[in-house]
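Engineer: here is a sequence with its predicted model. Questions after.
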Amino acid sequence: MNKLLFFAHLKDEAGKESITIDAAGKNVAELKAFVAEQHGMTKLDSAMTAINEEFAEDSDIIQEGDTIAFIPPVSGG
Amino acid sequence: MTERYSRQTLFPPIGQAGQEKIGMKHVLMIGAGALGSGNAEVMVRAGVGKLTIVDRDYIEESNLQRQQLYTEEDVYEKLPKAAAAEKRLRAINSNVTIRAVIADATPDLLDELVQDVDLILDSTDNFETRMAINDISQKHHIPWIYGACVGSFGMSLTIIPGKTPCLHCLLKKIPIQGMTCDTGGIIAPAVQMVIAHQAAEALKILVEDWDAVRTTFTSFDLWRNQYTNIKITKAKDEGCLSCGEARTYPFLQNENLMKTTVLCGRDTVQVRPPTKQNLDLSHLSKQMQLLGYPMKGNPYLLSVDMESQRIVIFNDGRALIHGTKDLAQAKAIYNRLLG
């Protein structure tokens, strides 16, 4: 299983801080599309993704047990 | 002035040698809002040699909750942020050379201002400007420090050309905004936390302690008690158009620079003419008077109340249209006033 963490406004959109699903074998882009559809999230696409606290590309494959964090870049200052 | 910086030179990683380096450095700060206020104050109190501040906005009452350099009097006077910051910072440390530039930080202006600059501090409120800063940083080989916040959430990243990935490597494209200060608000501690990260990194760079520079992307949420550091070393993209081998600096070369921008945290659109103007504000104010609109002005700008909108015109031809987020409507109002 994989734990998915949502940061900032993604948490509000998802309605929870984290979810646990089986994402092994999917790449990051596929996972984003899947989660966005399942949870009705519209802003996931532009979020940065980290796998086990390391920056991940859209093509990186998720392994069993990985923790995935979605961090939306913000612009306020 | 040895006493002045004594507590900073007692800190071993800075020391006397570091203090001398700080005193010889020139920092360019883009934006003088919440992050800009705090970052500028740290730099000036630390004794940086020169600080150039660029900001396009003026001070409003809703800024006072978190923009630490400004006062109620500045709001009343409708002073441009860069001008008010300069005044306050001079009073804090008269040894620092401070230059205020009241303008939109366009790629052309950035290109002009980075000469002899050692570090660029990002305190702006939009990704358009940040991507331009990112390209300028790569083009001129100057480090820059990204910082941003909204609500109780904030983030920071230090970018060293030739060493770290750049913002373009990480973001690929300008992100779609999920939440702005308009919808999410902002609390002052989130601002201060970002400032703490940016300013500490700035000091490391100014004293040239390169090994101490943070190599992770930091983000935090002060309300939800989260703090995350993401390793980004493998994010460096050799094909990146901003920092890769075949670089084109795409965010500097755009001929069709955006002429209208919705400002973060405000029901406001900025309209910028394609070329810089030199408006005769006193003439304009007479025209407005004839039309019967309530007005207020100072040497920098003219503020006109029209129906449900308030229009603030700067002498370089830029205008802030308050009371709308509609770009087309803002342009229309601008054209109605300035033709």
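Structural biologist: That came through, no problem.

Engineer: can you give me the strands in the stretch 1-150 of chain B?
Structural biologist: Here the stretch 1-150 of chain B has its strands, by DSSP state E, counting those that start in this stretch, at B:26-30, B:50-55, B:97-102, B:119-122, B:144-150.

Engineer: most neighbours per residue, which of the ones you listed?
Structural biologist: Here the criterion is mean neighbour count by mean count of other C-beta atoms under 10 Å in any protein chain shown, and of these the winner is strand B:144-150, at a mean of 29. C-beta here means a position set from N, CA and C on the backbone, and glycine is covered the same way.

Engineer: using CSV, write out every CA atom in it.
Structural biologist: What follows is strand B:144-150, C-alpha atoms only, in CSV (Å, rounded to 0.1, in the frame of the first residue of the first chain):
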residue,chain,number,x,y,z
TRP,B,144,18.4,33.7,-6.1
ILE,B,145,16.1,32.5,-3.3
TYR,B,146,12.5,31.6,-4.0
GLY,B,147,10.0,32.2,-1.2
ALA,B,148,6.2,32.2,-1.2
CYS,B,149,3.3,31.8,1.2
VAL,B,150,-0.5,31.6,1.4
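
Engineer: run through the neighbouring helices and strands of it.
Structural biologist: The helices and strands touching strand B:144-150, judged by 3 or more C-beta pairs under 8 Å, 6 or more residues apart in numbering or on different chains; DSSP states H and E, are helix B:34-46, strand B:119-122, helix B:127-140, strand B:153-159, helix B:188-206.

Engineer: in the longest one, what's buried?
Structural biologist: Right, the one you point to is helix B:188-206. If you call a residue buried by 16 or more other C-beta atoms under 10 Å in any protein chain shown, then helix B:188-206 has these buried ones: B:190-206.

Engineer: so which of those residues are also by chain A?
Structural biologist: residue B:194 (C-beta under 8 Å from any C-beta of the partner chain).

Engineer: hang on, the earlier thing: for residue A:38, find the nearest of the strands of the stretch 1-150 of chain B.
Structural biologist: strand B:144-150 (25.3 Å; C-beta to C-beta).

Engineer: neighbours of the residue nearest to residue B:175 when sequence neighbours are not counted, how many?
Structural biologist: The shortest distance from residue B:175 to any non-neighbouring residue, by C-beta to C-beta, 6 or more residues apart in numbering or on different chains, is to residue A:46 (3.9 Å). If you count neighbours by other C-beta atoms under 10 Å in any protein chain shown, residue A:46 ends up with 17.

Engineer: isn't residue A:46 right next to residue A:75, touching?
Structural biologist: No - applying C-beta atoms under 8 Å, one finds residue A:46 not in contact with residue A:75, separated by 11.2 Å.

Engineer: shared neighbours of those two, anything?
Structural biologist: Between them, residue A:46 and residue A:75 share the neighbouring residues residue B:175, with contact defined by C-beta atoms under 8 Å, 6 or more residues apart in numbering or on different chains.

Engineer: show me what from chain A comes close to chain B.
Structural biologist: A:7-11, A:13, A:17, A:43, A:45-46, A:48, A:50, A:53-55, A:57, A:69, A:71-77.

Engineer: the residues you listed in strands, which ones?
Structural biologist: A:48, A:50, A:54-55, A:69, A:71 (DSSP state E).

Engineer: max pairwise distance over the residues you listed: which two?
Structural biologist: Counting by C-beta to C-beta, the most remote pair of those is A:54 and A:71, 12.3 Å apart.

Engineer: who has more neighbours out of these two?
Structural biologist: Counted by other C-beta under 10 Å, residue A:54 and residue A:71 do not tie: residue A:71 has more neighbours, with 21 against 17.

Engineer: residue ranges of each domain in chain B, please.
Structural biologist: According to automatic domain parsing, chain B comprises the domains B:6-253, B:260-338.
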